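K.L.:
Build me a model:
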Amino acid sequence: MSENESPEIESHGISRPGKVRHDNQDAIRFCRPDDLTRRYGPLYAIADGMGGYAHGGVASSLALEHFFDTFYKSNGVSLSQKLRLGVQDANVGIYQTAQRLGVPRMGTTLTAVNLTGRTLNIVHVGDSRAYLVRGGGATCLTNDHTRVGEMVRLKMLSPDKVRSHAQRSVLNKCLGVGLFVQPDILQVPLEPGDVVILCTDGVWSVVEDAEFALMAADSPGPEDLSRRIYELAMSRESDDNLSVIALYIRRLPEGAPPDSSTPPWTMRVLRRILSRRH
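P.N.:
Here you go, the predicted model:
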């Protein structure tokens, strides 16, 4: 991908322990601007080590290290395969590290986005989230891989009850606890002026979807937005680590064709999702 075909993105992230916990089991990572980034597109990721398991901080850091390394070094495969291979390598790396350390279980979430042309490519496991802010509204693009998230998808629980539910953080899918994990992979068409937000559950559990959109509208750039989101979560006494990445899509290449690997149903579902306002 040439520089003329590359999107122009401003980015900033914050990852801190928060008010309650002494250690930070979250991790965030950004791509480096180099030849691989220009060829395969920039990559941003967030991971939340499982607080109930040992070495959560090790798991989240390992996940991002393995994922980035595999994504940019996998040649001769499609983009979706690069994302899938990155997740599988991260998963096995955490599992094998836990075995070597004699830790019964070590786990983490992983949510990552890659930008190619005018497309946001998302890979997701766990309950960290990716939001798209557009037209004054914020839309969550990812599904929570939790018991409560499954209850919402089965229409057993209203979405507005998720944040206050006692079992909100009980994961039914994550990296590191088995030798295989199936990630969600989604392609989303972008527009200039879009804002993408990645955050862990310590943030979204105390910040409403509509508030992400309001803060994005009042923030001139990603550093200000990520700081405002973090400060709001802190003010609401979140009891978890707090991590957020904000991406401002300033410019996109003109006339880039849609990814031929994107199935037609993805576009139909996306249009339905973006028509909702939470």
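
K.L.:
what about the strands in the stretch 101-250 of the chain?
P.N.:
Along the stretch 101-250 of the chain, counting by DSSP state E, counting those that start in this stretch, strands occupy 110-116, 119-125, 129-134, 137-140, 184-189, 195-199, 242-251.

K.L.:
Now mean pLDDT too, for those strands, in CSV please.
P.N.:
Below are these laid out as CSV (pLDDT from 0 to 100):
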stretch, mean pLDDT
strand 110-116, 96
strand 119-125, 97
strand 129-134, 97
strand 137-140, 96
strand 184-189, 96
strand 195-199, 98
strand 242-251, 97
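
K.L.:
Those into a markdown table, with extra columns for mean neighbour count?
P.N.:
(C-beta placed from N, C-alpha, C; glycine too.) As requested, these are arranged in a markdown table below (neighbours: other C-beta atoms under 10 Å):
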| stretch | mean neighbour count |
| --- | --- |
| strand 110-116 | 25 |
| strand 119-125 | 24 |
| strand 129-134 | 23 |
| strand 137-140 | 20 |
| strand 184-189 | 19 |
| strand 195-199 | 27 |
| strand 242-251 | 24 |
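
K.L.:
and of the ones you listed, who's closest to Q96?
P.N.:
Smallest distance to Q96 across those (C-beta to C-beta): 16.4 Å, for strand 110-116.

K.L.:
tell me what the closest one is packed against?
P.N.:
strand 43-48, helix 56-73, helix 79-101, strand 119-125, strand 129-134, strand 195-199 (3 or more C-beta pairs under 8 Å, 6 or more residues apart in numbering; DSSP states H and E).

K.L.:
The fifth one pairs with which strands?
P.N.:
Pointing back at strand 129-134 there. Paired neighbours of strand 129-134 in the sheet (DSSP bridges): strand 137-140 (antiparallel), strand 195-199 (antiparallel).

K.L.:
any idea of the angle that strand forms with strand 110-116?
P.N.:
For strand 129-134 against strand 110-116, the angle by axes from the mean of the first three to the mean of the last three C-alpha atoms, to 10 degrees is 40 degrees.

K.L.:
Need the strands paired with strand 129-134 in TSV (columns: distance to D127).
P.N.:
As requested, these are exported to TSV (distance: least, C-beta to C-beta, whole Å):
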stretch	distance to D127
strand 137-140	11
strand 195-199	11
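
K.L.:
of those, which approaches L101 most closely?
P.N.:
Comparison of the strands paired with strand 129-134 against L101 by C-beta to C-beta identifies strand 195-199 as nearest, at 28.1 Å.

K.L.:
Show me what the closest one is in contact with.
P.N.:
For strand 195-199, the external contacting residues (C-beta atoms under 8 Å, 6 or more residues apart in numbering) are 13, 28, 44-46, 111, 113, 120, 128-134, 138, 207, 212, 216, 222, 225, 229, 243-249.

K.L.:
still on that earlier bit, between the strands paired with strand 129-134, which gets nearest to G107?
P.N.:
Per C-beta to C-beta, nearest to G107 of the strands paired with strand 129-134: strand 195-199, 18.6 Å.
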